[in-house]
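**Q** Fold the following and give me the result.
(one chain, ligands or ions: 2)
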Amino acid sequence: LTSLSIYHQPCDPPPPPRTDILRVLAHTSYTSVGVGRGPAEPPTDTLQRHFSNKDAKRGAKGHIQTLSDKGWSVKGGENASISLAGGVGHHDSNQAEPLESDLSKLEALFDHPLYNIPSPAVPEEDWLLKVKPKVKAIEKSSQMWVSASQEAYEDVQWTSDSNSHPPWLRFHLNISRWQLYLHRDPNMEPLTQQLATHRIVSAVQKSGGTQLKLVMSFPNYGQAMLKPMKQERDEETNYNLYYFSDFERHNAEIAAFHLDRILGYRRVPPVAGRLVDVVKEIKDITTDRKLARTFFTSPVGNVCFYGQCSYYCSTEHAVCGRPRHLEASLAVMLPDLSLASRRTWRSPWRRSYSRSKLAKWETEPDYCSTVKKTPPYDKGTRLVDFMDMVILDFLMGNMDRHHYETFEKFGNNTFLLHLDNGRAFGRHSKDEPSILAPLEQCCRIRRSTWLRLRLLSLPQYRLSDVMRASLFSDPLHRVAPLLSEPHLAALNRRLKTVLETLIRCQNACMSVYFPQASLSL
Ligand SMILES: Nc1ncnc2c1ncn2[C@@H]1O[C@H](COP(=O)(O)OP(=O)(O)OP(=O)(O)O)[C@@H](O)[C@H]1O
Ligand SMILES: [Mn+2]
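**A** Ligands and ions are numbered 1, 2, ... in the order given. I've put the predicted structure just below:
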């Protein structure tokens, strides 16, 4: 299983000819396909082995019930899935399928061996954080921190037992060298539930970045980054706006989390949608004076605010409740930088961020060969990790990946954090081929990613369907589907383009080394 290199060069001799790989991929028994778990593959934690297919199915159904119990479905209770199936019936009648089938596709996808590749336990040094051994009682009392507004926060009674930890802490403690969370992580449901429903005790502006965002705090000391809704779901980005002037979209942050998980990466911090009460949950509780000063009531009686930031923070660009309910995305905060510092990397394929200049990669045909020789892209998994991110960005139309971050502790041998996806999903009617330039130019991909992409192109796991099913679990789905049908359809179209690019890569090299070989993709 580990014999195949993740660095299989497109121009290396290909592995021995296989029978129809697509057929094998669709087959439930996977042992006959030599999928390598290269050193870059996220380890599978023992926890996930306890999750049988049955548990997973029950989990998914249970979730629908939880949502409907809370009045989050149109009809609720037993009929929840039926009414919701009707609710999504507006997509292309040729493809119309009830939601039940989308959900079972998602379950089947996550049950597939490509998502359940066994791996050894995570070595001690591969965890991002370590729990300190028990502090003595005396030290403890002198170290005890007393909150200024004690009523707002809960008493902390955490022990070394993870059952005593709130979901956000469990999330932090489970971040490892290769992924933010586990496949089928049992903590995801409580974590996203809390983001969506937990009482907000503090809201302040987050500094840094160009657009308005807030840090929200919860009574259990968890925190989340809020991005407000600025654009209707079916509105397309204005064609005359440069990518760097585009608005951020809350639904893009949510959808990116789901897409990243479906691609099997798990490199986007969990995000949930929430209808926030602008008055009760922001204006009344904020201690941020600069923010408080920007609240006003619009001529039609909606409560609005605009905060302070370097773009779009003015009365003209205020975000407004209806009349006080505002849609927003809440992303769980990563561990504080004092506990886990991060390194920021400039993307080698960064756009020029100028209206007139072109970047080097746009003019130099052999640009990739230079990058391949430049650390950290010359060793380890960095280049294929970068390609994973490129594919995510192309699928969701994100042109704004100027930088990416990694956890300092893990050096160069670690996954890339896919933070800041707010400028994705701006346009469904057009694809942006330049986002794929790195893949076109380098022709490199991690084998397991490539296999998963092919899986997602099969009708029984179709990307748009599994995304629809996954997004259905977000609380904001009851307000409106997080991605409109044209956006879901665009995902399939773009996936096809990615696969065609890879076939072109393979063809080009096959013709060099194996002129007579036929391609059995
Ligand atoms: N979930 C998170 N937890 C902790 N920090 C985060 C999280 N998401 C983003 N950040 C940090 O906050 C900074 C700003 O976030 P983000 O990039 O999403 O905002 P932005 O306004 O879109 O920024 P920019 O305008 O530079 O694109 C990021 O550089 C990142 O370091
Ligand atoms: Mn941004």
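
**Q** quick one: the strands in the stretch 351-500 of the chain?
**A** All strands of the stretch 351-500 of the chain, identified by DSSP state E, counting those that start in this stretch, fall at 403-407.

**Q** That one against ligand 2: which residues are in contact?
**A** 420, 422 (Cβ under 5 Å from the ion). In this view, the C-beta of every residue, glycine as well, is placed from N, C-alpha and C.

**Q** Recalculate using a threshold of 8 Å.
**A** With Cβ under 8 Å from the ion as the criterion, the stretch 351-500 of the chain meets ligand 2 at residues 400, 420, 422-423.

**Q** Can you lay out those residues as CSV showing distance to residue 272, pLDDT and neighbour count?
**A** As requested, these are exported to CSV (distance: Cβ to Cβ, whole Å; pLDDT from 0 to 100; neighbours: other Cβ atoms under 10 Å):
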residue, distance to residue 272, pLDDT, neighbour count
400, 22, 92, 20
420, 17, 94, 25
422, 15, 94, 24
423, 20, 93, 24
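
**Q** Give the residue spans of the protein that score low on pLDDT.
**A** Segments of the chain classed as low confidence (criterion: pLDDT under 70) are 1-98, 134-150, 510-521.

**Q** which residues does the closest residue to ligand 2 within it contact?
**A** Ranked by Cβ to the ion, the top residue of the chain for proximity to ligand 2 is residue 420, at 4.4 Å. For residue 420, the contacting residues are 209, 400, by Cβ atoms under 8 Å, 6 or more residues apart in numbering.

**Q** rerun at 10 Å
**A** Under the criterion of Cβ atoms under 10 Å, 6 or more residues apart in numbering, the contact list for residue 420 reads 209, 211, 213, 225, 227, 248, 252-253, 256, 268, 331, 398, 400-405.

**Q** Repeat that for residue 439.
**A** Residues in contact with residue 439 (Cβ under 10 Å, 6+ apart) are 349, 368, 386-387, 390-391, 394, 445, 498, 501-502, 505.

**Q** Which two among these are spaced furthest apart?
**A** Comparing every pair within the contacts of residue 439 by Cβ to Cβ identifies 349 and 502 as the most remote, at 17.6 Å.

**Q** Those two: which is more packed in?
**A** In terms of neighbours (other Cβ atoms under 10 Å), residue 349 is the more surrounded of residue 349 and residue 502; the figures are 25 against 21.

**Q** Helix, strand, or coil at the more buried one?
**A** Under DSSP: H, G, I helix; E, B strand; the rest coil, residue 349 falls in the coil class.

**Q** does it really touch residue 359, like I thought?
**A** Yes - here residue 349 lies in contact with residue 359, judged by Cβ atoms under 10 Å, at a distance of 7.5 Å.

**Q** Ramachandran angles for the nearest residue to residue 297 once chain neighbours are set aside?
**A** The shortest distance from residue 297 to any residue other than its chain neighbours is 5.9 Å, reached at residue 303 (Cβ to Cβ, 6 or more residues apart in numbering). Geometry field for residue 303 lists phi and psi as phi -90, psi 130, criterion degrees, to the nearest 10.

**Q** rewinding a little: overlap in contacts of residue 349 and residue 359?
**A** Shared contacts of residue 349 and residue 359, defined by Cβ under 10 Å, 6+ apart, comprise 367, 434, 437.

**Q** The second one against residue 351, yeah?
**A** I take that to be residue 434. Yes - counting by Cβ under 10 Å, residue 351 is a contact partner of residue 434 at 8.2 Å.

**Q** quick one: which of those two has more around it?
**A** When neighbours are counted by other Cβ under 10 Å, residue 434 and residue 351 differ, and residue 351 comes out ahead with 20 against 15.

**Q** Contact partners for the closest residue to that one other than its chain neighbours?
**A** The spatial neighbour of residue 351 that comes closest, neighbours along the chain excluded (Cβ to Cβ, 6+ apart), is residue 359 at 5.9 Å. Contacts for residue 359 (Cβ under 10 Å, 6+ apart) come out as 347-353, 367, 434, 437.

**Q** Helices of the stretch 301-450 of the chain, residue ranges please.
**A** Listed in chain order, the helices found in the stretch 301-450 of the chain under DSSP state H, counting those that start in this stretch are 360-363, 367-373, 382-396, 437-442, 447-456.

**Q** From the rest of the structure, what touches the shortest one?
**A** Right, helix 360-363. Under the criterion Cβ under 10 Å, 6+ apart, external residues in contact with helix 360-363 comprise 347-352, 367-368, 370-371, 434, 437-438, 441.

**Q** quick one on the thing from earlier: determine the residues that are contacts of both of residue 434 and residue 351.
**A** Between them, residue 434 and residue 351 share these contacting residues under Cβ under 10 Å, 6+ apart: 359, 361-362, 399.

**Q** As a markdown table, these with distance to residue 487 would be great.
**A** Rendered in a markdown table, the data for those read as follows (distance: Cβ to Cβ, whole Å):
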| residue | distance to residue 487 |
| --- | --- |
| 359 | 27 |
| 361 | 27 |
| 362 | 27 |
| 399 | 16 |
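
**Q** Of those, grab the buried ones for ChimeraX.
**A** Buried members of the shared contacts of residue 434 and residue 351, defined by 16 or more other Cβ atoms under 10 Å, are picked up in ChimeraX with:
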select :359,361,399
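
**Q** What ranges does the stretch 201-350 of the chain have for its strands?
**A** Under DSSP E, counting those that start in this stretch, the stretch 201-350 of the chain gives strands at 202-205, 214-217, 223-228, 271-277, 296-297, 303-305, 319-320, 325-332, 342-346.

**Q** Redo those as CSV? Include mean neighbour count and distance to residue 165.
**A** Compiled in CSV, the strands of the stretch 201-350 of the chain are given as follows (neighbours: other Cβ atoms under 10 Å; distance: least, Cβ to Cβ, whole Å):
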stretch, mean neighbour count, distance to residue 165
strand 202-205, 19, 21
strand 214-217, 22, 17
strand 223-228, 24, 15
strand 271-277, 23, 19
strand 296-297, 13, 41
strand 303-305, 22, 34
strand 319-320, 22, 33
strand 325-332, 24, 14
strand 342-346, 13, 22
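
**Q** Any idea which residue of this protein lies closest to ligand 1?
**A** For the chain, the residue closest to ligand 1 is residue 209, as judged by Cβ to the nearest ligand atom, at 2.5 Å.
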